[in-house]
Structures are given as C-alpha cells and as structure tokens.
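need a structure here:
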Amino acid sequence: VQLQAFGGGLVRPGGSLRLSCAASERAFITFTVGWFRQNEGKEREFLAWISYDGDRSWYADSVKGRFTVSRDNAKTTGYLQMNNLKAEDTAVYYCAAGGPIKNGRPAYWGQGTQVTVSS
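Numbering: from 1, shown residues only. Below you'll find the model as predicted:
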C-alpha cells in the first residue's frame with residue numbers, strides 16, 4: 001500500500017490546515033491510520049490514530065482538542081484537521097497505516113508534508 005500525504009504549507013499562528021493521506025489500494029479500509037510528525041533534531045512524535053471503521057481514535061496530549069483525525073474509506077483517504085496551530089506544531093507530518101501502528105510501528109508510511117506555523 002502506498003500512502004501520499006499532502007496539504008501542508010505555511011500558516012499563521014491560530015490558523016488551520018487539513019492534511020490528507022491518500023492510499024493506493026482498497027486494503028486501506030482495513031487499516032488503522034495514524035499521523036506522526038518530526039522536527040529536525042527531535043524524535044518522531046505519534047499524534048493520533050483512527051480505527052479502520054472510524055469509530056475509535058486516540059490523540060497525543062500535545063494535540064488533543066486542536067487536531068481531529070478522520071477518514072473517508074470510499075475515497076481511501078485519511079485526514080488530519082489541525083486547528084489553532086502553534087509555532088511548536090511546525091514539523092514534517094507523516095501519515096501511516098497498518099501493522100502495530102498503535103504501538104507506533106506502522107507497516108506503511110507516506111512521504112512527509114511540511115507544516116510551518118509562523119507569523
């Protein structure tokens with residue numbers, strides 16, 4: 001399964017962005033989907049996951065209440081809605097799917113998309 005993340009960009013503090021993660025195969029609809037980010041010189045941070053059916057989700061404390069994960073299985077696409085962005089949210093964001101993703105070890109990774117929060 002190939003994943004393609006897109007939707008990053010430059011946004012002012014307090015602004016919003018929605019990231020998308022498009023999958024190449026229908027098998028995507030059986031996978032839990034997760035979002036990670038990494039800033040240069042820092043460890044990768046696991047942000048959120050959403051179950052295959054969209055019924056369950058989890059968020060890291062750093063993004064809880066500001067980020068929302070969702071998915072549209074008909075489009076084999078996952079989303080990360082990011083609101084009230086802060087400078088510390090600046091990072092390369094990655095989507096991932098499958099495998100023991102809830103343990104932070106997904107089977108499939110998308111390429112990163114840069115999010116920069118700056119005035």
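
use CA for all of it now, contacts and neighbours both
Noted.

give me the phi and psi for Val69.
The phi/psi pair for Val69 (degrees, to the nearest 10) reads phi -100, psi 140.

list the contacts of it.
Val69 is in contact with 48-50, 57, 78-81, counting by Cα atoms under 8 Å, 6 or more residues apart in numbering.

buried ones among those?
Listed as buried from those are 48-50, 57, 78-80; burial here means 16 or more other Cα atoms under 10 Å.

quick revisit: and of the contacts of Val69, the nearest to Glu25?
Set against Glu25, the nearest of those by Cα to Cα is Gly78 (12.8 Å).

can you verify my assumption that Phe67 contacts Asp89?
No: using Cα atoms under 8 Å, Phe67 makes no contact with Asp89, being 10.8 Å away.

tell me the contacts of the most centrally placed residue in the chain?
Central residue of the chain (Cα atoms, centre = their mean): Trp35, 2.9 Å from the mean position. Counting by Cα under 8 Å, 6+ apart, Trp35 makes contact with 46-49, 80, 93-96.

what's the answer for Gln114, then?
Contacts for Gln114 (Cα under 8 Å, 6+ apart) come out as 8-9, 90-93.

phi, psi of it?
According to degrees, to the nearest 10, Gln114 has phi -80, psi 130.

tell me what it is bridged to.
Here Gln114 sits in beta bridges with Val92, going by DSSP bridges.

thanks a lot, catch you later.
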